[in-house]
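K.L.:
need a 3D model of the following:
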Amino acid sequence: MHGKRGSLSVIAGIYVATLSVGYLSLPFFNGYSLTISYLFISLIMTSLVFFFSLIFRNASVYDPYWSVIPPFLLLSRIVFLSEPLQPGTLLLLLALFFWGTRLTYNWAKNWRGFDHQDWRYTMLMKKNPKTGILVNYFGIHLFPTLIVYLQLIVAMKVIESNPGLNAGLLLGGSIIIGATVLQMTADKQMYHHRRKTKNQAVFEQGLWSCSRHPNYFAEIMVWWGVYLTYLSLFRLFDFHVLAPLAMTGLFCFISIPMLEKKMLSKHPDYAAYQERVSMLIPIPKAIYGRSRLSDENLRG
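P.N.:
Model prediction:
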């Protein structure tokens, strides 16, 4: 398949087929708990996307899953609600649909077609030539699906309760929307930077002067916002906190180290950028610099 438009059309067809299979699978799991039924449905849809990734020899077929599947699964829960949607449920849904739409659009804008595969996928499979297909399925497809699934279980618990508005829901919804706007701004700044200066490694303006990964910070905050809506509604500190913790761990211990290792190998000046700018949480450089000096003085 050649050309971006044609490739995007094929991707759209793949996800229409995947969503259709997921929807048709719903009745088979009616007797199971929410947690088990949506786990199986997520595994079915992930396996189908994996099958298509093998056909097209491109693991980036999976990339839209992150933002396309969550709104679909959330909508499927609404189908089973026997009462009108309450303001709290609507706020959470609209906030997550805003996040999903923006993220999907950003992916579509930056994806070049089937001749383009995420560099991380290529690297992982090159490092594991004998077990490439297993790395593809379990590492590239299944592992992120399970991370997303944990977040959705939290959101679905809130939707099933169909709450009205309270301070926690308003704050959680505002965090999701605000984080999405932050993510959108960071991605837009980086997009324009790359179009202007293709060979410049370090972009140190706007949000990127306060955080080396403001887009990742925003993604993490989206899911902490979801968890806050759950916490404010049930007032229960339980194992569901593992959902945003898992998302935070994914970025802090896997995605960011992989990206920074790549940047350092190609651009040695990135090390100085690491010294000047916070890794994740946006902190003005003047404050971040003073905090680092204080840490060094304490160690000395």
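
K.L.:
residue 14 sits in which helix or strand?
P.N.:
Mapping residue 14 onto the secondary structure by DSSP states H and E places it in helix 4-25.

K.L.:
please give the element, helix or strand, for residue 204.
P.N.:
With DSSP H and E as the criterion, residue 204 is inside neither a helix nor a strand.

K.L.:
what separates it from residue 196, distance-wise?
P.N.:
Taking CB to CB, to the nearest Å as the measure, residue 204 and residue 196 are separated by 14 Å. The way it works is simple: take the backbone N, C-alpha and C, and place the C-beta from them, glycine included.

K.L.:
those two: which is more packed in?
P.N.:
Under the criterion of other CB atoms under 10 Å, the comparison of residue 204 against residue 196 puts residue 204 first, with 15 against 9.

K.L.:
which ones are touching that one?
P.N.:
Contact analysis of residue 204 by CB atoms under 8 Å, 6 or more residues apart in numbering lists 273, 276-277.

K.L.:
please apply the same query to residue 37.
P.N.:
The contact partners of residue 37, by CB under 8 Å, 6+ apart, come to 26, 29-30.

K.L.:
quick one: least confident of these?
P.N.:
Checked by pLDDT, these have residue 30 as the lowest-scoring entry (83).

K.L.:
what about it, how many neighbours?
P.N.:
The number of residues packed near residue 30 is 8, by other CB under 10 Å.

K.L.:
secondary structure element holding the residue nearest to it when sequence neighbours are not counted?
P.N.:
In this structure, residue 30 finds its nearest non-sequential neighbour in residue 37, 7.5 Å apart by CB to CB, 6 or more residues apart in numbering. Residue 37 belongs to helix 34-55 when elements are defined using DSSP H and E.

K.L.:
can you list contacts of whichever helix or strand comes after that helix?
P.N.:
For helix 34-55, the succeeding helix or strand toward the C-terminus, using DSSP H and E, is helix 65-79. Judged by CB under 8 Å, 6+ apart, the contacts made with helix 65-79 from elsewhere in the structure are 15, 18-19, 22-23, 26, 38, 41-42, 45-46, 49, 85, 89, 93, 96-97, 99-101, 103-104, 107, 141, 144-145, 148, 151-152, 155-156, 159-160.

K.L.:
now do stretch 271-289
P.N.:
Everything outside stretch 271-289 that qualifies as a contact, by CB under 8 Å, 6+ apart, is 202, 204, 207-214, 216-217, 220, 251-252, 256, 260, 264, 291-292.
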